[in-house]
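> I'd like to go over a predicted model; first the sequence, then the structure.
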There are 2 protein chains.
Amino acid sequence: MMSTQSYLAALPTPCLIVDQARMTRNIGRLATRARALGVALRPHLKTVKSVAAARAILGAQVAEGQARPMATVSTLAEAEVFAAAGITDIIYAVGISPDKLDRVIALRQSGCDLAVILDSLPQAQAVAEAARRAGHPIPALIEIDCDGHRGGYLPQDPALIDCARLLQDGGAELRGVLTHAGESYNVTGRAAHAAFAAQERDAVVAAAQALRAAGLPCPVVSVGSTPTAHAASDLSGVTELRAGVYVFFDLVMAGIGVCTPDDLALSVLTTVIGHQDAKSWILIDAGWMALSRDRGTQRQAVDQGYGLVCDAAGTIIEGLIVAAANQEHGIITRRPGSAAPLPDLPLGTKLRILPNHACATGAQHREYHVLPADPDAEPVVWSRFGGW
Amino acid sequence: MMSTQSYLAALPTPCLIVDQARMTRNIGRLATRARALGVALRPHLKTVKSVAAARAILGAQVAEGQARPMATVSTLAEAEVFAAAGITDIIYAVGISPDKLDRVIALRQSGCDLAVILDSLPQAQAVAEAARRAGHPIPALIEIDCDGHRGGYLPQDPALIDCARLLQDGGAELRGVLTHAGESYNVTGRAAHAAFAAQERDAVVAAAQALRAAGLPCPVVSVGSTPTAHAASDLSGVTELRAGVYVFFDLVMAGIGVCTPDDLALSVLTTVIGHQDAKSWILIDAGWMALSRDRGTQRQAVDQGYGLVCDAAGTIIEGLIVAAANQEHGIITRRPGSAAPLPDLPLGTKLRILPNHACATGAQHREYHVLPADPDAEPVVWSRFGGW
């Protein structure tokens, strides 16, 4: 039996660490919320890209009484891996292009209930044509724009009805409507996130009503982002909630008040490789290759650089950030304005870095080292996948 | 036989494309320069992370008359993969930490002449101890600081001599000195890069002279960065030149005048997945997962967003950039200030995006699709690796 500390000491660095107690708490928090709100939870698995992690997430859904695990994905590669692992209710939540429809049909024919999303007549036409060609009604959700963030029809756009009819009459299946308030990442505090949650709900509920008023079906009414999911208080008319990064949380989410740094379940283990004492720099072997180039906190009230510095046990060392990163070098120094003395962190010291953005940092790695809640239990490795 | 255009049309997107004619030209340009300067070229393989690409790069060295291929790496995983592929003269150019020395020794014992770098007495002590323990003199280069960018001793620092003696007397092998003018990336134009090249040369030559004056050996005197390598005019006293990103080049290098956008050999193939006409947005399936979060041109005179937009054949479409990126969505729009009309790029159109930083964009992918110089020849796939 190996203790957590000796396990960490023996790991080649840099590598990705999961604090399982925190992850379990984060998963449970949103699963409980979703049940209280009376909606199904459809976790976005783009954050974890791991079958083992997906099982930990979706197990909480089943424990909360959902009939079958539901997932959201951002690539067809994710859909293929998760479908092969038995997750068979999936929305591919990136606008579909015609060249990807053969893979969608193959997945559906293998038994996965994969739905696509779209927001234009050419897409609806392509999906309907592919469905007719395959003799298989591909389900599609129409994307609704609730905040001007990215794609989608405005709920009152008459083209929404044209698009829905083109799908439904053309041989596809109109599965419903979906929205995502990406702009909720840019505001801070529960009240601001609750306002975006209401905006998500109002947009999709209005779109669903418009479809139903036109005699069209709309069984699924889907909303979500991590900030809005944690602030919504009334999801009347909504059937399901999507969120992804809540599983790990990160400094961006802490910066807008959705969680605290103590909720962050993902970190990068690194080793001190040098010092430039005259500049108060501590060099580590985690550069942007290990941390990612994501600087999501740059525009927030508190810029966390490339990440917050913790000791090997995961306790934050006050006043220290990774201020700069090259490919395989990170430079730790005092946060601007911090008066804290630079701690003595000699060559070979192990540290853990809390990242700006869990999705981006995770994507730089091939596996998670999962530290169990019980410090006497053995850590385990969960593999990650990538690609499209 | 498949034409390049039909090959590209059939590729799942997003994916990584290499223009082999440009890559070959870039490789040849620096190989010829190095020969004219009278120094060996030791390419940094952290950019390509591919055995097939490394063979293309190192073949040019051999053609220029070097006795054996020499390489620089940024991780021990790179050293292990390239050593297994027969590349056996390697510098691991990130400051060594004691925990990594077992892997260094194992590589050396397998027949790879792997050298480490360091810039402190504790590192020298650890390397010497490990060398004595293994009964094997690990070669080490001492890192010299030529521009305050990251690590290294100043050439006149008396601790440099102490460090060298600790290595040499302790059972390690003092292989030489090494520097890298990382600050050369932050200045524009040949004259500015030439000044940094002189600064690199002067720093390591002074350090080598100090070592030799103290009766210590200094066979290797190593300099380099892509900007300085292309501007150096006199490398007297230097034995070898290192550079990495020159193989592909990128928008950051074009922005500081080391190359032009027509030299860029790496791009990301993507598909148009949607439009928000009211905002003049074209959505593509290359977000930051495919392009990386690197925004290296943000602080340059011309901010290229997440990349410059080309048609599928690789011709730049004037005035268009990837202005924003989510995980799997890119948003193409006009460059701020551009009066160019938004071209008609319907759903399903294939485009290629030239990236800010080839090292970072490459790292998001598992393979290169290599388009041969001869348009009638078959494209090939080169696999990439990652990890540490």
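That came in fine, so what should we check first?

> show me the shaky parts of chain A.
A:1-2, A:62-66 (pLDDT under 70).

> again, 90 this time
Scanning chain A with the threshold set as pLDDT under 90 gives A:1-6, A:59-68, A:337-341, A:373-377.

> excluding chain neighbours, what is closest to A:Val302?
A:Gly255 (6.2 Å; Cβ to Cβ, 6 or more residues apart in numbering or on different chains). (Each C-beta comes from the backbone N, C-alpha and C, glycine too.)

> residues in contact with the one you found?
A:Thr188, A:Gly296, A:Thr297, A:Gln300, A:Ala301, A:Val302, A:Gln304 (Cβ atoms under 8 Å, 6 or more residues apart in numbering or on different chains).

> out of those, which end up buried?
Buried members of the contacts of A:Gly255, scored by 16 or more other Cβ atoms under 10 Å in any protein chain shown, are A:Gly296, A:Thr297, A:Gln300, A:Gln304.

> over to stretch A:223-240 now: how far is its first residue from its last?
6 Å (Cα to Cα, to the nearest Å).

> for that stretch, which positions count as buried?
By 16+ other Cβ under 10 Å, the buried positions in stretch A:223-240 come out as A:223-232, A:235, A:238-240.

> stretch A:151-167 too?
Here stretch A:151-167 shows A:Gly151, A:Gly152, A:Tyr153, A:Pro155, A:Asp157, A:Leu160, A:Ile161, A:Cys163, A:Ala164, A:Arg165, A:Leu166, A:Leu167 as buried, counting by 16+ other Cβ under 10 Å.

> give the bridge partners for the third one, please.
By that I understand A:Tyr153. Beta bridges link A:Tyr153 to A:Ile144, judged by DSSP bridges.

> A:Ile117 is in contact with that one, correct?
No. At 11.3 Å, A:Tyr153 does not count as touching A:Ile117 under the criterion of Cβ atoms under 8 Å.

> where do the contact lists of those two overlap?
A:Ile142, A:Glu143.

> which one of the buried residues of stretch A:223-240 sits closest to B:Ala131?
A:Thr226 (50.3 Å; Cβ to Cβ).

> shouldn't the closest one be in contact with A:Tyr246?
Yes. Taking contacts as Cβ under 8 Å, A:Thr226 lies within contact range of A:Tyr246: 4.6 Å.

> so what sits against both of the two?
By Cβ under 8 Å, 6+ apart, the residues touching both A:Thr226 and A:Tyr246 are A:Met253, A:Val258.

> re the thing from before, which one of the buried residues of stretch A:223-240 is nearest to A:Pro217?
A:Thr239 (12.6 Å).

> state the distance from the closest one to A:Ala60.
Distance of A:Thr239 to A:Ala60, computed by Cβ to Cβ, to the nearest Å: 19 Å.

> for chain B, what is the nearest residue in chain A?
Per Cβ to the nearest Cβ, A:Arg293 is where chain A lies closest to chain B, at 3.8 Å.

> just give the nearest non-adjacent residue to that residue, would you?
In space, A:Arg293 is closest to B:Arg293, 3.8 Å off (Cβ to Cβ, 6+ apart).

> could you confirm the one you found falls within a strand?
No. Using DSSP: H, G, I helix; E, B strand; the rest coil, the assignment for B:Arg293 is coil, not a strand.

> spit out the contact partners of it.
A:Ser292, A:Arg293, A:Asp294, A:Arg295, A:Ala360, B:Ala325, B:Ala360.

> now do 7 Å
A:Ser292, A:Arg293, A:Asp294, A:Ala360 (Cβ atoms under 7 Å, 6 or more residues apart in numbering or on different chains).

> who in the stretch 251-388 of chain A is up against chain B?
A:271, A:273-276, A:283, A:285, A:288-289, A:292-294, A:326-329, A:346-348, A:359-360, A:363, A:366, A:386-388 (Cβ under 7 Å from any Cβ of the partner chain).

> just checking, what packs against whichever helix in chain A runs longest?
The residue-count maximum for a helix in chain A (DSSP state H) belongs to helix A:190-213. Judged by 3 or more Cβ pairs under 7 Å, 6 or more residues apart in numbering or on different chains; DSSP states H and E, helix A:190-213 is in contact with helix A:158-170, strand A:173-178, strand A:220-223, helix A:226-229.

> that helix versus helix A:158-170: what angle between them?
For helix A:190-213 against helix A:158-170, the angle by axes from the mean of the first three to the mean of the last three Cα atoms, to 10 degrees is 50 degrees.

> for helix A:190-213, what is the distance to the chain centroid?
21 Å (Cα atoms, centre = their mean, to the nearest Å).

> send me that helix as CSV with only the CA atoms.
C-alpha atoms of helix A:190-213 as CSV (Å, rounded to 0.1, in the frame of the first residue of the first chain):
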residue,chain,number,x,y,z
ARG,A,190,-25.3,34.5,-8.3
ALA,A,191,-27.7,37.2,-9.3
ALA,A,192,-26.0,37.8,-12.6
HIS,A,193,-25.9,34.1,-13.4
ALA,A,194,-29.6,33.7,-12.3
ALA,A,195,-30.5,36.4,-14.8
PHE,A,196,-28.7,34.5,-17.6
ALA,A,197,-30.4,31.3,-16.4
ALA,A,198,-33.8,33.0,-16.8
GLN,A,199,-32.7,34.3,-20.2
GLU,A,200,-31.8,30.7,-21.3
ARG,A,201,-35.1,29.4,-20.0
ASP,A,202,-37.2,32.2,-21.6
ALA,A,203,-35.5,31.8,-25.0
VAL,A,204,-36.0,28.0,-25.3
VAL,A,205,-39.5,28.0,-23.7
ALA,A,206,-40.6,30.7,-26.2
ALA,A,207,-39.1,28.7,-29.1
ALA,A,208,-40.8,25.6,-27.9
GLN,A,209,-44.1,27.4,-27.7
ALA,A,210,-43.7,28.8,-31.2
LEU,A,211,-43.0,25.3,-32.5
ARG,A,212,-46.0,23.8,-30.7
ALA,A,213,-48.2,26.7,-31.9
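
> in helices only, show me the residues of the stretch 251-388 of chain A next to chain B.
A:Trp288, A:Met289, A:Cys359, A:Ala360.

> so who does the nearest residue to the second one once chain neighbours are set aside touch?
This means A:Met289. The shortest distance from A:Met289 to any non-neighbouring residue, by Cβ to Cβ, 6+ apart, is to A:Gln327 (5.3 Å). With contacts taken as Cβ under 7 Å, 6+ apart, A:Gln327 has the following neighbours: A:Gly287, A:Trp288, A:Met289, B:Lys46, B:Ser74, B:Cys359.

> go again with 6 Å.
Neighbour list for A:Gln327: A:Gly287, A:Met289, B:Lys46, B:Ser74, B:Cys359 [criterion: Cβ atoms under 6 Å, 6 or more residues apart in numbering or on different chains].
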